[in-house]
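**Student:** Got a sequence here, can you model it:
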Amino acid sequence: MTDSRIFGHTFKTIEKALDVSAKRHNLIAGNIANMDTIGYKPKDLDFNRTLKRAMGEKEPDFLDRTHDKHLSTYGDEDAFDMKGENSESVDIYHLDSVNIDTEMMNLTENNIKYRATTELLLRKLKILQYSIDEGGK
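**Tutor:** Below you'll find the model as predicted:
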């Protein structure tokens, strides 16, 4: 699909942005779930930095495709390796190491980015549908 003019670079970028957003959502949900766990350190990831890193990665060289049009081998879960990072200024020896207000703010921010990315995907598909219909003839 790398040579396709219909499903070009935009679809890959949108796909990776949705993957990063989903992984960040899981980290934030884990922080909220462990809010009462003593010694838990909240984790988060930087959306922009993680997406740039994911966009820069190449497909593995050790797998061969018999044809250029075959499916990509990029679908592995380990390709992103987003393990999250410890948040700053967290006192791990107290019960209130997870700030619910901060986590809810992060969750809302992530939700907005996810919805905006989904809207981009829908608009791209709408353009494709319009061109398939030959401009609405």
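**Student:** going forward, measure contacts and count neighbours with C-alpha atoms only.
**Tutor:** OK.
**Student:** now the helix or strand hosting Met105: mean pLDDT?
**Tutor:** Using DSSP states H and E, Met105 sits within helix 100-132. Averaged across helix 100-132, pLDDT comes to 92.
**Student:** What residues of it count as buried?
**Tutor:** Glu103, Asn106, Leu107, Asn110, Asn111, Lys113, Tyr114, Thr117, Thr118, Leu121, Lys124 (16 or more other Cα atoms under 10 Å).
**Student:** which secondary structure elements does that helix contact?
**Tutor:** helix 9-33 (3 or more Cα pairs under 8 Å, 6 or more residues apart in numbering; DSSP states H and E).
**Student:** packing partners for the following helix or strand past the helix it packs on?
**Tutor:** Of the helices and strands lying after helix 9-33 in sequence (DSSP H and E), the nearest is strand 43-44. Helices and strands touching strand 43-44, as assessed by 3+ Cα pairs under 8 Å, 6+ apart, comprise helix 9-33, strand 85-86.
**Student:** Out of these, which is closest to Tyr130?
**Tutor:** helix 9-33 (17.0 Å; Cα to Cα).
**Student:** contacting residues around the closest one?
**Tutor:** 2, 42-45, 47, 50-51, 54-55, 82, 84, 98, 100, 103, 106-107, 110, 113-114, 117-118, 120-121 (Cα atoms under 8 Å, 6 or more residues apart in numbering).
**Student:** what angle sits between that helix and helix 100-132?
**Tutor:** 160 degrees (axes from the mean of the first three to the mean of the last three Cα atoms, to 10 degrees).
**Student:** Helix 9-33: which residues count as buried?
**Tutor:** 13-14, 16-21, 23-25, 27-29, 31-32.
**Student:** Please apply the same query to stretch 32-39.
**Tutor:** Ile32, Asn34, Met35, Thr37, Gly39.
**Student:** Go through those residues and say which is closest to Gln129.
**Tutor:** Distances from Gln129 to the buried residues of stretch 32-39, taken by Cα to Cα, are shortest for Ile32, at 40.5 Å.
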